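>>> coords please:
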Amino acid sequence: MGAFMTKMKSVLDSFSNKRRRIIMLGLDAAGKTTILYKLKLNETLHTLPTIGFNVETFQYKAIEFTAWDIGGQDKLRPLWKYYYQNTDAVIFVVDSNDKHRIQHATDELHRMFGEDELRDSKLLVYANKQDLPNAMSAPDIGAKMDLRSVTKNPWYIQSCSAITNDGLFEGLEWLSKALE
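Now for the predicted structure:
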């Protein structure tokens, strides 16, 4: 009887939702808030620069994500560290069209993953704004950001466009599997 109950619990657990806490970070105007609401509502909303944070919950397959979208302005970046605790994954959004600030984004990402609170966190990098004609490719961004050296944990870079929806759910699919 004990083995039967154990098996039943295992089956029931496979149907229940897993909850995961993610933080969405990146420089200002990278598209974090637009991506958040695309993932939650599947709509493009007109957004204003985030002063502080937005927090939303959305479902993807068997995972309930609580996503903290934190403003990326210079003055807000020192506050990012206060959101790291208990983070399962980081979604770092890069403006693929902003060649002048890619090094700055790189420095911020490497600094973040130097913090103990993120040592077990998975990393998904969205190379956003791929719909723009001068956008850098995801492989180029990955090389420029030296993503291989950021973390020993699973990481992935996904080209995307928050406006056209291209690549958003492919990135979320990778993240869901990485968090299983």
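>>> for residue 46, give me the pLDDT.
Looking at residue 46, its pLDDT is 80.
>>> could you measure from it over to residue 81?
In this view, residue 46 and residue 81 are 30 Å apart by C-beta to C-beta, to the nearest Å. Yep, even glycine has a C-beta here, placed from its N, CA and C like the rest.
>>> more neighbours: these two, which one.
residue 81 (13 against 6; other C-beta atoms under 10 Å).
>>> these two touch, right, the more buried one and residue 117?
Yes: assessed by C-beta atoms under 8 Å, residue 81 is found in contact with residue 117 at 7.5 Å.
>>> now do the contacts for the residue nearest to residue 161 when sequence neighbours are not counted.
Nearest residue to residue 161, sequence neighbours excluded (C-beta to C-beta, 6 or more residues apart in numbering): residue 131, at 4.1 Å. With contacts defined as C-beta atoms under 8 Å, 6 or more residues apart in numbering, residue 131 is in contact with 161, 163, 164, 166.
>>> got it, and residue 151?
113, 118, 121, 123 are the contacts of residue 151 under C-beta under 8 Å, 6+ apart.
>>> give me the mean pLDDT for stretch 53-68.
Here the average pLDDT along stretch 53-68 is 97.
>>> how close does the residue nearest to the spatial centre of the chain sit to residue 115?
Taking C-alpha atoms, centre = their mean as the criterion, residue 91 is the residue nearest the geometric centre of the chain, at 1.4 Å. Taken as C-beta to C-beta, the spacing of residue 91 relative to residue 115 amounts to 16 Å.
>>> hey, where'd the strands end up in this protein?
According to DSSP state E, the chain carries its strands in the segments 18-25, 53-60, 63-70, 89-95, 122-128, 155-159.
>>> so which of these is nearest residue 144?
strand 89-95 (9.5 Å; C-beta to C-beta).
>>> right, I'll leave it there.
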